[in-house]
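**Student:** Next one to model:
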Amino acid sequence: MPSLLLLSALVACAPVTDLDTSPSESEDTGDKPDPNENLDGMVNSWFPEDYAPENLARVVFVGDSITAGDGASKAKLAYTKLLEDNPDDTWPTGEELDLDALYDESPEIIDESLPGATTASLVSKQLPHVTEALGDQVSGVTAVIVTIGGNDVQTLIARPNDTEETTEGILENLGEFYDYFQDAERFPDGSVIYLANVYEPSDGVGQVDGCFGGLNLESVLGSLDYVNAATLEHAKERNVAWIDMHGHFLGHGFYAEDEDNDYYEENDPTEWFDSDCIHPNDRGHHEIRRLMWYGLAGLPFPGDEPVSAE
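**Tutor:** Presented below is the predicted three-dimensional model:
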């Protein structure tokens, strides 16, 4: 695997936040749970210290078709909508896992996600739309939630030898993205960014008969691991939250019922991917919502929750 020393050329900037302590602070002991103290061994999300905002003025959703809601059977079941307002009749266990449960006042929602987006179009197309929506300067803390990188990684199916070059491009684009939201003049009250990494539907096998023409893409899994490791190191340098969607979805791809699979989840052998092999189904969107909510709350992620939509 190529060295991650290529990341050292990217200069980390100081976090642009003016935030209160996490709402999860214990009133009895004064101790706060560490959101990096993961309770699910498969989920290795990373958060800067004291990152969870006490209140938000707005949430900005950007990124690819996952954030745009593809795979959900209804628009209201996309993870962004679930996070905004949980439909208790569909997800009764998610009653407290929406923004209303976290904040005294509901934040403004800005959604500029775009199906098919890459890290390049995230910068060139979506950021100008964010500026149109918000103007050149806004007050109040802004949370930015983004799923991106999957379409960049898909190009490696045809060009697996371009892993390092592709990764450098991803990091350069993400750097511009972070610069935008960490601009103290544009966001004087601070911003927090939650970047989801890239998942895959084969539970580490690399081949699914009904996906990607049945091709064996085991060799591409190493490239995916490299990209995810690089974005994690970059997120740490830039003081950005990194959400481990990849780890959480392992064991819930198309080998979910295979007891011999390394990631088999005995208590919940369910598929979280849509039949198109790329997007999350309703349960998958619910699980992404859970990942994001616990990140916003500053709480350790509790792990899998054996529950189905009613």
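**Student:** Surely F212 is in contact with I278?
**Tutor:** No. F212 lies out of contact with I278 (C-beta atoms under 8 Å); the separation is 9.2 Å. For glycine as for every other residue, the C-beta is placed from the backbone atoms N, C-alpha and C.
**Student:** in the protein, which segments are predicted with low confidence?
**Tutor:** Low-confidence segments of the chain (pLDDT under 70): 1-41, 304-310.
**Student:** the longest helix in this protein is where?
**Tutor:** helix 218-238 (DSSP state H).
**Student:** other SSEs contacting the helix or strand that comes right after that helix?
**Tutor:** Using DSSP states H and E, the helix or strand that follows helix 218-238 towards the C-terminus is strand 241-243. If you count contacts as 3 or more C-beta pairs under 8 Å, 6 or more residues apart in numbering; DSSP states H and E, strand 241-243 packs onto strand 191-196, helix 218-238, helix 282-297.
**Student:** how big is the angle separating the first one from helix 282-297?
**Tutor:** Direction vectors for strand 191-196 and helix 282-297, defined by axes from the mean of the first three to the mean of the last three C-alpha atoms, to 10 degrees, enclose an angle of 150 degrees.
**Student:** Need the residues that contact strand 191-196.
**Tutor:** 16-17, 19, 51-53, 63, 66, 141-148, 174, 178, 181-182, 231, 235, 240-243, 245, 288, 291-292, 295-296 (C-beta atoms under 8 Å, 6 or more residues apart in numbering).
**Student:** bridging residues for I193?
**Tutor:** Under DSSP bridges, the beta-bridge partners of I193 are V144.
**Student:** That one: neighbour count?
**Tutor:** When neighbours are counted by other C-beta atoms under 10 Å, I193 registers 27.
**Student:** Begin at 222, not 1, for the rest of this chat.
**Tutor:** Got it, the first residue is 222 from now on, which makes the last one we talked about I414.
**Student:** V362 versus that one, what's the distance?
**Tutor:** 12 Å (C-beta to C-beta, to the nearest Å).
**Student:** P422 now?
**Tutor:** 35 Å.
**Student:** So the two - more neighbours on which side?
**Tutor:** Between P422 and V362, counted using other C-beta under 10 Å, the more crowded position is P422 (25 against 21).
**Student:** neighbours around the spatially closest residue to the more buried one that is not a sequence neighbour, how many?
**Tutor:** Distance criterion C-beta to C-beta, 6 or more residues apart in numbering; nearest residue to P422, sequence neighbours excluded, is G474 at 4.2 Å. For G474, the number of neighbouring residues by other C-beta under 10 Å comes to 24.
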